[in-house]
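1. Quick one, structure for this:
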Amino acid sequence: MESIHFPEFLRAYNWLYKEGNAIYHRLAGHFGLSDTAFWILYSLREADHPLNQAELSAILCTSKQTVNSALKSLEGEGYIRLESAAGDRRSKEIHLTEKGLLLARESVDQVLALEERATQRLSEEERLAILALGRRHLEALRQETEALLAVSQNPQEE
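-> As a prediction, this is how the structure comes out:
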């Protein structure tokens with residue numbers, strides 16, 4: 001196996017990440033959706049229960065304000081409805097309307113199907129390796145981030 005220096009690795013890794021984002025951006029645009037609206041519909045289709053705004057923000061790793069803005073747009077266009085959650089009237093569950101379900105079937109469901117086809121091109125071993133290495137890298141990033149933040153919060157006196 002050939003060696004790769006860190007700057008070259010970082011450029012290649014970042015390119016892969018950004019190229020993946022660009023693919024989903026193109027798909028969202030193809031269906032006439034903003035990126036956030038696309039990912040909201042995607043998350044609603046992927047979930048096995050109704051989601052609320054806080055859950056969507058966590059899933060999408062984005063601010064509640066960004067999610068709220070997209071939800072208002074989707075609601076205004078008749079794609080979703082917000083309902084008070086059982087036991088917590090302040091929390092609103094997001095439900096697809098019939099119009100929203102049709103949009104999701106025509107857009108997100110096609111993307112989920114193409115993702116499945118693309119993933120099936122990889123062996124099971126390759127799929128498991130991607131997940132294992134991704135988790136390992138994420139944990140290493142999390143540890144390094146926590147170390148940096150701990151130092152930043154407690155600067156040593158000189």
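2. so where's the chain shaky on pLDDT?
-> 1, 155-158 (pLDDT under 70).
3. can you list the domains in it?
-> According to automatic domain parsing, the chain comprises the domains 36-121, 123-158.
4. closest to residue 20 out of those?
-> In terms of C-beta to C-beta, the element of these nearest to residue 20 is domain 36-121, at 11.0 Å. The C-beta positions use only the backbone N, C-alpha and C, and glycine is treated the same way.
5. just to revisit the earlier point, tell me the most buried of the domains of the chain?
-> When those are scored by mean count of other C-beta atoms under 10 Å, the highest mean neighbour count falls to domain 36-121 (a mean of 15).
6. End to end on it, go ahead and measure it.
-> Distance across domain 36-121, first residue to last, is 28 Å (C-alpha to C-alpha, to the nearest Å).
7. do stretch 115-130 as well
-> 15 Å.
8. hey, where'd the helices end up in this structure?
-> 6-30, 35-46, 53-60, 64-76, 98-106, 108-120, 124-153 (DSSP state H).
9. what sits against the residue positioned nearest the centre of the chain?
-> Among the residues of the chain, the one closest to the centroid is residue 60, at 4.0 Å (C-alpha atoms, centre = their mean). Residues in contact with residue 60 (C-beta atoms under 8 Å, 6 or more residues apart in numbering) are 36, 39, 40, 43, 67.
10. Now with 10 Å, please.
-> Neighbouring residues of residue 60 by C-beta atoms under 10 Å, 6 or more residues apart in numbering: 35, 36, 39, 40, 42, 43, 66, 67, 70.
11. rewinding a little: out of the helices of the chain, flag the one nearest residue 85.
-> helix 53-60 (10.5 Å).
12. Now the closest one - C-alpha only, PDB.
-> Presented in PDB, the C-alpha positions along helix 53-60 are these (Å, rounded to 0.1, in the frame of the first residue of the first chain):
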ATOM      1  CA  GLN A  53     -38.000  20.300  15.500                       C
ATOM      2  CA  ALA A  54     -35.300  19.500  18.200                       C
ATOM      3  CA  GLU A  55     -34.900  16.000  16.800                       C
ATOM      4  CA  LEU A  56     -34.600  17.200  13.300                       C
ATOM      5  CA  SER A  57     -32.000  19.800  14.300                       C
ATOM      6  CA  ALA A  58     -30.000  17.000  16.000                       C
ATOM      7  CA  ILE A  59     -30.300  14.600  13.100                       C
ATOM      8  CA  LEU A  60     -29.400  17.300  10.500                       C
END
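13. how far out from the middle of the chain is it?
-> When distances are taken as C-alpha atoms, centre = their mean, to the nearest Å, helix 53-60 is centred 9 Å away from the chain's centroid.
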